[in-house]
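1. When you get a sec, could you give me coordinates for this:
(one chain, ligands or ions: 3)
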Amino acid sequence: MTQTSEPTLATLTEEQLADLLAEAAAYRNQPSLRYCLVPGCLREFDAAARMAGDPPVRPSWSGDDWRQLGSGHIRPHGGRYFCPGHVDLVTAHAPRRVQAPSGRWTVDCACGWMAAPQRWHGTVAALWEEHLLTAAGELPPAPPVTDPEHRVPLADHTEQSLAELYDRLWDTENQYTECRDAGRSFFQAWQDQNTLLNADATLKAGVHNALLSLRTRIRHVDRDWGQNPTDAGIYALLIGWDCEQQHQHTGDCPAALTDIAEKYGWSGAVVKALRKHRAALAQAGPNGETDAQVAREMGED
Ligand SMILES: [Zn+2]
Ligand SMILES: [Zn+2]
Ligand SMILES: [Zn+2]
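-> Residues are numbered from 1 along each chain as shown. Ligands and ions are numbered 1, 2, ... in the order given. From the prediction side, this is the model:
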């Protein structure tokens with residue numbers, strides 16, 4: 001519209017009316033832009049269009065692949081959303097909000113970094129943003145608090161700076177207690193786990209020795225274990241009709257279970273169960289491979 005003076009009802013043209021209606025519609029459907037939370041990032045998307053399922057007015061306002069920090073995280077000053085280009089950065093430094101034992105707030109960054117506890121959560125958010133920019137290489141690395149070069153000279157100390165130092169000391173004392181407790185719990189859990197593992201190993205060794213004794217007895221009985229189905233079943237479990245050596249099987253390898261099953265009319269399910277049970281016993285105790293290994297060692301000596 002080039003006209004500067006407002007038209008009256010009498011002078012309003014249809015074209016002007018259409019313009020007015022279009023402007024009113026555009027005003028009602030204003031984009032509701034959300035910014036990337038990474039300071040300095042200029043990307044934004046239209047949350048209103050996204051929610052309505054409409055395409056954004058500009059393609060660069062698309063909300064595709066944007067992510068959001070969930071609850072339990074600190075709220076950065078730039079909001080909760082981050083752009084596709086910063087997904088990796090923000091995910092690697094997801095800022096979990098934590099209340100220190102002192103009652104003050106801190107942030108537990110996914111990378112392991114923690115802010116010194118602060119009374120206001122907004123300060124923590126700012127510290128995390130500084131950390132994020134440092135991690136992204138936009139800021140030089142922070143000097144350590146204890147770095148002699150960055151120590152405040154006695155003359156420059158104020159009541160406030162001393163209070164901060166004492167606060168830090170207090171937080172460190174709390175952290176120390178927490179770390180010590182956590183260390184104790186881990187050690188206890190490790191000891192319990194070791195006890196369990198030892199008991200388990202003892203049990204396994206016992207089963208192995210019992211199976212070895214049983215196997216030796218059976219192998220030295222002069223009997224055709226295939227002569228009746230009961231013996232054949234026992235042999236299938238304790239020795240195994242098939243080759244158990246860990247090698248490429250050849251035509252010379254024993255593979256008699258199928259024949260035995262056919263001879264006594266065992267069903268596929270019975271054979272499957274026998275194979276399963278044999279495999280369990282072969283794992284727990286001596287097996288064809290154990291025998292073969294003993295034979296190999298004897299031959300080598
Ligand atoms: Zn971004
Ligand atoms: Zn981090
Ligand atoms: Zn074989």
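2. Dead centre of this protein: give me the residue that sits there.
-> A110 (11.4 Å; C-alpha atoms, centre = their mean).
3. List the contacts of that one.
-> 91-96 (C-beta atoms under 8 Å, 6 or more residues apart in numbering). No exception for glycine: its C-beta is placed from N, CA and C like everyone else's.
4. ditto for A292
-> Here A292 is in contact with Q245 (criterion: C-beta under 8 Å, 6+ apart).
5. ok so it is a strand residue?
-> No: looking at A292 with DSSP: H, G, I helix; E, B strand; the rest coil, it is helix, so not inside a strand.
6. How much space separates it from ligand 2?
-> According to C-beta to the ion, to the nearest Å, A292 stands 55 Å off from ligand 2.
7. what does N287 give?
-> Counting by C-beta to the ion, the gap from N287 to ligand 2 is 52 Å.
8. now the strands: where do they sit in the stretch 51-200 of the chain?
-> 67-68, 81-82, 95-99, 105-109 (DSSP state E, counting those that start in this stretch).
9. Show the subsequent helix or strand relative to the top helix by length along the chain.
-> Looking across the chain with DSSP state H, the single longest helix is helix 159-219. Where DSSP states H and E defines the elements, the next helix or strand beyond helix 159-219 is helix 229-238.
10. got the CA coordinates for the next helix-or-strand element following that following helix in CSV?
-> Moving toward the C-terminus from helix 229-238, the next helix or strand (DSSP H and E) is helix 257-264. Provided in CSV are the C-alpha atoms of helix 257-264 (Å, rounded to 0.1, in the frame of the first residue of the first chain):
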residue,chain,number,x,y,z
LEU,A,257,23.5,-89.6,17.5
THR,A,258,21.4,-89.5,14.4
ASP,A,259,21.8,-93.2,13.8
ILE,A,260,21.0,-94.0,17.5
ALA,A,261,17.9,-91.9,17.4
GLU,A,262,16.8,-93.6,14.2
LYS,A,263,17.5,-97.0,15.8
TYR,A,264,15.3,-96.3,18.8
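11. where does the very next helix or strand once past helix 257-264 sit relative to the chain's centre, distance-wise?
-> Using DSSP H and E, the next helix or strand after helix 257-264 towards the C-terminus is helix 268-284. Put simply, helix 268-284 sits 36 Å off its chain's centre (C-alpha atoms, centre = their mean, to the nearest Å).
12. Need the contact partners of helix 268-284.
-> With C-beta under 8 Å, 6+ apart as the criterion, helix 268-284 contacts 204, 207-208, 211, 233, 236-238, 240, 244, 257-258, 261, 266, 287-288.
13. same thing but at 10 Å, please
-> 204, 207-208, 210-211, 214-215, 232-233, 235-242, 244, 257-258, 260-262, 264, 266-267, 287-290 (C-beta atoms under 10 Å, 6 or more residues apart in numbering).
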